[in-house]
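**Q** I would like to see how this sequence folds:
(chains A and B)
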There are 2 protein chains.
Amino acid sequence: MKKRIFVTLKPGVLDPQGRAVHHALDGLGYAGVNDVRIGRLIELDVADDVSDETIAEMCEKLLANMVIENYRIEDAG
Amino acid sequence: MKKRIFVTLKPGVLDPQGRAVHHALDGLGYAGVNDVRIGRLIELDVADDVSDETIAEMCEKLLANMVIENYRIEDAG
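**A** Sure thing, here's the model as predicted:
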């Protein structure tokens, strides 16, 4: 069973990596970019008996830094 | 207009970061994890007149390394 986890910075947390990418896009001449934020995408292939609660626990213990990041779990078929 | 870009390693490309996370999950006692792969999630806030073709161009020029990575563009409302 495949699951996708999106880990994103909480609103208000500075994102220097996103800022660098934004600046680079400006430098390449792309106008119309208002904001860039960078997060992580974690693709898990887990056994069918692993529940979403267990995956949430994994996120809180290891995959996301709950002080500055949020996570979202999604089925990936 | 918000767009989400998923940048993932192509199949077959070694993912040492994913392997480290897999190993750490094992160490925490989580059984049933078969595979972990880590990618990037890029959230773009762009002007309404920026087309998906332009965003694909940004990906190929800057956001993804086309030798080892794939990208996918999604609307995020």
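**Q** residue with max distance from the center of chain A?
**A** A:Gly29 (26.7 Å; Cα atoms, centre = their mean).
**Q** Now that residue: which helix or strand?
**A** For A:Gly29, there is no enclosing helix or strand under DSSP states H and E.
**Q** So, low pLDDT: which residues of chain A?
**A** Across chain A, nothing is flagged by pLDDT under 70.
**Q** For it, what lies in contact range of chain B?
**A** Counting by Cβ under 8 Å from any Cβ of the partner chain, chain A comes close to chain B at A:6-8, A:18, A:21, A:24-25, A:28, A:30-47, A:49-50, A:54, A:58, A:61-63. For every residue, glycine as well, the C-beta is placed using N, CA and C.
**Q** what residues are up against the residue lying closest to A:Asn34 once chain neighbours are set aside?
**A** Spatial nearest neighbour of A:Asn34, excluding adjacent residues (Cβ to Cβ, 6 or more residues apart in numbering or on different chains): B:Asp45 at 4.3 Å. Going by Cβ atoms under 8 Å, 6 or more residues apart in numbering or on different chains, B:Asp45 touches A:Val33, A:Asn34, A:Asp35, A:Val36, B:Met1, B:Lys2, B:Lys3.
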